[in-house]
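A.B. asks: predicted model and sequence follow; I will ask about them next.
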Amino acid sequence: MTYAEVAVNAPLSQPRIFSYSIPPDVLVHPGHAVWVPFGPRLVQGIVLALADQPLVAETKEIAQVIGVHPILSPDHVELARWIAERYLASYFDAAALMMPPGFERTVVTFVQPTENPSEVAVSSLTQQQRELLCLIQSEGRIGLEELKKISPQGRIDTFVDQLVRKGLAVKTREIARAKVGPRHVTYLSLAVTGPSMACCQRP
């Protein structure tokens, strides 16, 4: 079995590479961008190498390969590794220096209420859980980070997970919008040609 050594887009105390198993029938090469599970989240990663043996005893699978072709060439991968090891930088941050503009993305978690919630489940809520559910219902659908900003409650992650387990809320994940968009350049051209241009000619 072949494993992918991946640089993940996550804060780390020291530069590290993580091993992930490659799902059957999935083609992965060094330089490929991937989505991988990292704790409770999905994060973006770059495959730096393939190996016959993982760096740890147990591995998780790559969730998704981004694109058909690698976004980094072998030379770029080698340079990213050198930068990270020479300057003790994150492997992903080093690789990001050579990625296309706007490619680096994150996964955003959204929370929304379920339709026709169970009255029994609602009646079992604590006051804090009930207030959070009312806030989610009033918003209809809201990003988890935005919910943390506007909610007076603490421990939002815990309360949301409790609402999800009770069948009163649903969490979904989406890829955040690209930070860089297309650049538009305005050009001017003359609307007339011929004799009328004589006024622009020097004597």
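C.D. replies: Ah, there it is.

A.B. asks: which residues does the residue nearest to Gly45 when sequence neighbours are not counted bridge with?
C.D. replies: Among residues not flanking Gly45 along the chain, Val6 sits closest, at 4.1 Å (C-beta to C-beta, 6 or more residues apart in numbering). To be clear about C-beta, it is placed using only N, CA and C from the backbone, and glycine gets the same treatment. Judged by DSSP bridges, the bridge partners of Val6 are Phe18, Val47.

A.B. asks: what number of residues lie near Val6?
C.D. replies: Look at Val6: counted by other C-beta atoms under 10 Å, it has 26 neighbours.

A.B. asks: quick one: it from Pro23, how far?
C.D. replies: Distance, Val6 to Pro23, by C-beta to C-beta, to the nearest Å: 14 Å.

A.B. asks: what do the two both touch?
C.D. replies: Both Val6 and Pro23 are in contact with Ile62, where contact means C-beta atoms under 8 Å, 6 or more residues apart in numbering.

A.B. asks: contacting residues for Tyr87?
C.D. replies: Tyr87 makes contact with Ala94, according to C-beta under 8 Å, 6+ apart.

A.B. asks: try it again with 10 Å
C.D. replies: Pro15, Asp93, Ala94 (C-beta atoms under 10 Å, 6 or more residues apart in numbering).

A.B. asks: could you check how far Leu12 is from Leu190?
C.D. replies: When Leu12 is compared with Leu190 (using C-beta to C-beta), they lie 57 Å apart.
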